[in-house]
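**Q** Structure for this input, please:
(chains A and B)
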Amino acid sequence: MNHQESLYHFALQMGDNALILGQRLSEWCGHGPVLEQDIAITNIALDHVGQARSWLQYAAELEGKGRTEDDLAFLRPEFEYRNVLLVEQPNTDWAYTIVRSFLFDTFNYFHHVELTQSTDPGVAAIAEKSLKEITYHLRYSSEWMIRLGDGTELSHDKMQQALDDLWMFSGELTAMTSLETSLAAAGLAPDLSGIKPLYDGRIAAVIQEATLEVPSGAYMQTGGKEGRHTEYMGFILAEMQSLQRQMPGLKW
Amino acid sequence: MSKDWPLWEVFIRSKNGLSHKHAGSLHAADAEMAIENARDVYTRRNEGVSIWVVESRHITASNPEEAESLFDPAKDKVYRHPTFYDLPDEVTHI
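**A** A predicted model of the protein is given here:
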């Protein structure tokens, strides 16, 4: 794979993370626990969809086959999606939603800080633009971790349960694929082993402040970055893609 | 303690140099959350550069029944307005 192809796959991976998490968070629209959080979480969903657009536009440009961001978002089969397994996990309830975002936002933040230094100007520019939003996402999900973890007995237990259940999907964030290794060697994307200590440190600090326990489970599930997804992914795509599949080329 | 989060009043400064204006109210568990909620509810269409929040219970309002005694006396004191001067046309912002 040459640099251009590697970058194309990397842009897909970045775009898919944002797209699928954005889709998941947007499921809260009209169903938020209170009006203020309904608006907040939908707002964050839109940030993710916006970032997905930037990455998928760039991917389409790198691919150079005349496909558009919409083709990439709505017409690929499941195994071509490169998002991590964590972001496709269901909302379940507010606790799972916050824990999922917190784990992802923490990695996403440190990842983007490094991506602004990419030797590829396109990657660096998208990272620079997204970082402001991601900084807020991390602040938001961290606040909620602490608020609910250190809240009532019930909220504490729900957060711990969500953390325990989602934990095995967190390892994939910092586990490098061969694509990421070759990108790191070329200075196009960061070496994730450099991000891992920052990620682990921040996760542990927030979990401690939230009076929660870092889960002891050591087994980590991986595969999303290589297109092997959990059973939830097909359902997300079915809903997301149905309109474009039924009416190809449809525009608002 | 009430089960509902307290009500907060939100004030937004639309740009530097202007004063904060009342934008509305919202519920939040504490000041931090009130700022975040205000950011999401009242500034997502680029309305502001600064936010103040204050718990609604800390605001003391004038009594509407006292409006006559408080505000009517000012109505017949036209001499408090600088309307008796001839202003040059060049002066526009008065």
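
**Q** which bits of chain B sit near chain A?
**A** B:5, B:26-29, B:32-33, B:36-37, B:40-41, B:44 (CB under 8 Å from any CB of the partner chain). Every C-beta, even on glycine, is put in place using the N, C-alpha and C of the backbone.

**Q** Could you identify the buried members of those residues?
**A** Among the residues of chain B next to chain A, those classed as buried by neighbour count (16 or more other CB atoms under 10 Å in any protein chain shown) are B:5, B:26-28, B:33, B:36-37, B:40-41.

**Q** And the contacts of the helix or strand of chain B with the lowest mean pLDDT?
**A** Every helix and strand of chain B was ranked by mean pLDDT, DSSP states H and E. The lowest is helix B:67-71, at a mean of 89. Contact with helix B:67-71 is made by residue B:62, as judged by CB atoms under 8 Å, 6 or more residues apart in numbering or on different chains.

**Q** just stretch A:116-127 next, same as before
**A** Stretch A:116-127 is contacted from outside by A:7, A:10-11, A:14, A:51, A:54-55, A:58, A:61-62, A:112, A:115, A:128, A:131, A:186-190, using CB under 8 Å, 6+ apart.

**Q** From those, which land in helices?
**A** The helices, defined by DSSP state H, take in A:7, A:10-11, A:14, A:51, A:54-55, A:58, A:61-62, A:112, A:115, A:128, A:131 from those.

**Q** Now, of the residues you listed, which are buried?
**A** Among those, the ones that count as buried by 16+ other CB under 10 Å are A:7, A:10-11, A:14, A:51, A:54-55, A:58, A:62, A:112, A:115, A:131.

**Q** the helices in chain B, which residues?
**A** In chain B, the helices defined using DSSP H lie at B:31-42, B:67-71.

**Q** Mean pLDDT lowest where, among those?
**A** Mean pLDDT values for those show the minimum at helix B:67-71, a mean of 89.

**Q** Return that helix as CSV; C-alpha atoms alone will do.
**A** Output in CSV follows, covering the C-alpha atoms of helix B:67-71 (Å, rounded to 0.1, in the frame of the first residue of the first chain):
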residue,chain,number,x,y,z
ALA,B,67,-44.8,49.5,39.7
GLU,B,68,-46.8,52.8,40.0
SER,B,69,-44.9,54.2,42.9
LEU,B,70,-41.6,53.0,41.5
PHE,B,71,-41.8,54.0,37.9
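
**Q** Tell me the gap between it and the middle of its chain.
**A** Its chain's C-alpha centre and that of helix B:67-71 lie 20 Å apart, by CA atoms, centre = their mean, to the nearest Å.

**Q** Can you give me the buried ones in that helix?
**A** Taking 16+ other CB under 10 Å as the criterion, helix B:67-71 shows none as buried.

**Q** Show me which of the residues of chain B next to chain A is closest to residue A:21.
**A** residue B:40 (17.3 Å; CB to CB).
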